[in-house]
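In: give me a model of this one.
(one chain, ligands or ions: 1)
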Amino acid sequence: MHTADVVIIGGGIVGSSIAYHLVAAGCKNVLVIERETAQGKGSTGKSMGGVRAQFSTPVNIQMSLYSIPFYASFEERLGYPCDYRPQGYLFCATSNTHMAYLRANYEKQVALGLKNVRLVAGDEIRSLFPQLRADDIVGGSFCSTDGFVDPYSAMIGFMTWASDRGATLQKNATAIGISHYEGCFEIATTRDTVSARTVVNCAGPWSAGIARMVGIDLPVEPLRRMLVPTEPFDQFPHSAPMIIDMSNGFHFRPEGRGFLLAWNDPKETPGYKTDFEPAFIEKILTRAADRVPVFENLAVNPKRAWAGLYEMTPDHHPILGESPDVPRFFFANGFSGHGVMHAPATGKILSDLILTGETDLIDASLLNFARFAEGRTIHETAVL
Ligand SMILES: Cc1cc2nc3c(=O)[nH]c(=O)nc-3n(C[C@H](O)[C@H](O)[C@H](O)COP(=O)(O)OP(=O)(O)OC[C@H]3O[C@@H](n4cnc5c(N)ncnc54)[C@H](O)[C@@H]3O)c2cc1C
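Out: Residues are numbered from 1 along each chain as shown. As a prediction, the model looks like this:
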């Protein structure tokens with residue numbers, strides 16, 4: 001049996017960021033256990049790569065205020081690219097209720113120190129993007145430092161930096177059982193057994209199964225999300241931001257020489273479904289052509305479309321921090337669609353909590369596991 005100071009179960013972007021932040025803070029004996037033969041086969045490799053600070057709850061805004069500048073300076077800090085492209089997020093409101101919602105969010109975002117967000121008039125949206133059907137767009141909000149990253153590259157960057165300085169990534173090792181006594185965990189994997197005083201659950205959509213190994217019922221459910229990339233298309237500008245049609249949640253952004261289309265089907269039900277459903281193409285193209293009439297000419301190859309899993313919690317906020325029932329067992333789970341954009345902040349928060357028991361990045365009690373039992377859930381409504 002070998003030992004580590006901290007064992008991280010799951011080598012996606014969240015586990016990798018925690019490994020980076022722990023090593024950067026001086027804790028080098030970190031072991032990341034990943035069941036696949038390569039990183040990125042979970043949600044991280046399926047992500048749309050959107051990063052934004054335009055949220056409705058202060059804690060989500062604060063996590064983005066750490067994470068987005070981190071991504072902006074990623075290559076400088078880690079010597080590895082993450083391909084941050086600050087092309088913005090443009091929310092398009094199609095009712096006064098949407099606009100009031102965006103205004104309330106804008107006020108919170110500015111109060112917390114977000115500098116580049118602004119409300120925009122319907123006419124400005126019409127003149128910026130005449131290709132949009134904008135007769136019903138009453139206004140919107142835009143933040144120029146929101147944008148996109150390459151999640152795979154960021155994950156590899158975090159892990160490479162950490163591995164070069166002492167951390168170990170063990171691939172092809174599935175955690176299959178955890179026992180704990182007298183402040184020590186023994187984690188059995190398909191390769192061997194490792195002992196550690198601290199364990200971090202970073203298993204993404206599979207995190208409830210890891211929590212069950214120590215007798216915890218973690219409220220994280222997998223929910224399928226499908227993305228459709230288009231073939232090359234030049235009738236819409238490639239400098240465009242992520243554009244969100246608030247009337248139905250359809251959103252899209254430039255990707256390569258084409259566009260990446262997303263829409264969260266409200267009929268989707270929880271489960272480990274990762275097959276792409278061909279019928280989804282027609283559903284999304286209908287919404288695409290409704291908002292962007294030239295998208296009627298889009299070509300799509302269904303074989304290039306894919307599905308992945310969101311890790312949903314009941315209040316659409318992550319569960320971060322130490323278990324109230326199993327000391328030194330930590331959660332970094334349930335990002336509800338925001339795990340890439342919040343990975344840098346999560347790494348810092350978890351590293352702080354593991355090494356010192358506190359963090360000044362957020363009020364960590366807001367996102368702890370106990371909030372469910374104590375009736376302190378906080379709902380995020382700006383979920384895409
Ligand atoms: C279609 C789609 C679009 C998305 N778009 C965005 C977006 O635009 N912006 C954004 O911020 N987020 C987005 N997300 C969400 C984001 O991808 C996730 O929140 C994030 O990747 C979670 O990272 P993770 O490291 O926690 O999980 P994962 O990347 O899933 O990593 C968990 C790892 O744990 C491993 N594992 C599981 N069980 C075990 C075990 N027993 N033993 C060892 N290893 C194990 C898995 O193999 C996996 O590698 C999107 C997700 C999807 C599916």
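In: excluding its backbone neighbours, what's nearest residue 380?
Out: With C-beta to C-beta, 6 or more residues apart in numbering as the criterion, residue 380 has its nearest non-adjacent residue at 4.3 Å, and that residue is residue 316. (C-beta placed from N, C-alpha, C; glycine too.)
In: nope, residue 277 is what I meant
Out: By the measure of C-beta to C-beta, 6+ apart, the closest residue to residue 277 outside its immediate chain neighbours is residue 226, 6.8 Å from it.
In: does that neighbour belong to a helix, a strand or coil?
Out: Following DSSP: H, G, I helix; E, B strand; the rest coil, residue 226 is assigned to strand.
In: from the ligand, how far out is it?
Out: Residue 226 is 7 Å from the ligand, where distance means C-beta to the nearest ligand atom, to the nearest Å.
In: near the ligand, which residues of the chain are found?
Out: Taking C-beta under 6 Å from any ligand atom as the test, the list of the chain residues beside the ligand reads 9-15, 33-36, 41-44, 46-50, 174-175, 202-206, 210, 225, 227, 308-311, 335, 337-341.
In: returning to what we had before: isn't the residue nearest to residue 380 right up against residue 335?
Out: No. Using C-beta atoms under 8 Å, residue 316 makes no contact with residue 335, being 9.2 Å away.
In: so these two - more neighbours on which side?
Out: residue 335 (28 against 21; other C-beta atoms under 10 Å).
In: quick one, phi psi at the residue lying closest to that one once chain neighbours are set aside?
Out: Of all residues beyond its chain neighbours, the one nearest residue 335 is residue 318 (4.9 Å), with distances taken as C-beta to C-beta, 6+ apart. According to degrees, to the nearest 10, the main-chain angles of residue 318 amount to phi -70, psi 160.
In: could you dump the helix or strand harbouring residue 20 to CSV, C-alpha only?
Out: For residue 20, the element it lies in under DSSP states H and E is helix 13-24. As requested, C-alpha coordinates have been extracted for helix 13-24 and formatted as CSV (Å, rounded to 0.1, in the frame of the first residue of the first chain):
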residue,chain,number,x,y,z
ILE,A,13,-10.9,19.8,-14.9
VAL,A,14,-12.0,20.1,-11.2
GLY,A,15,-9.7,17.4,-9.8
SER,A,16,-6.9,18.9,-11.9
SER,A,17,-7.4,22.4,-10.7
ILE,A,18,-7.5,21.3,-7.1
ALA,A,19,-4.2,19.4,-7.7
TYR,A,20,-2.7,22.5,-9.2
HIS,A,21,-3.8,24.8,-6.3
LEU,A,22,-2.7,22.3,-3.6
VAL,A,23,0.7,22.0,-5.1
ALA,A,24,1.0,25.7,-5.7
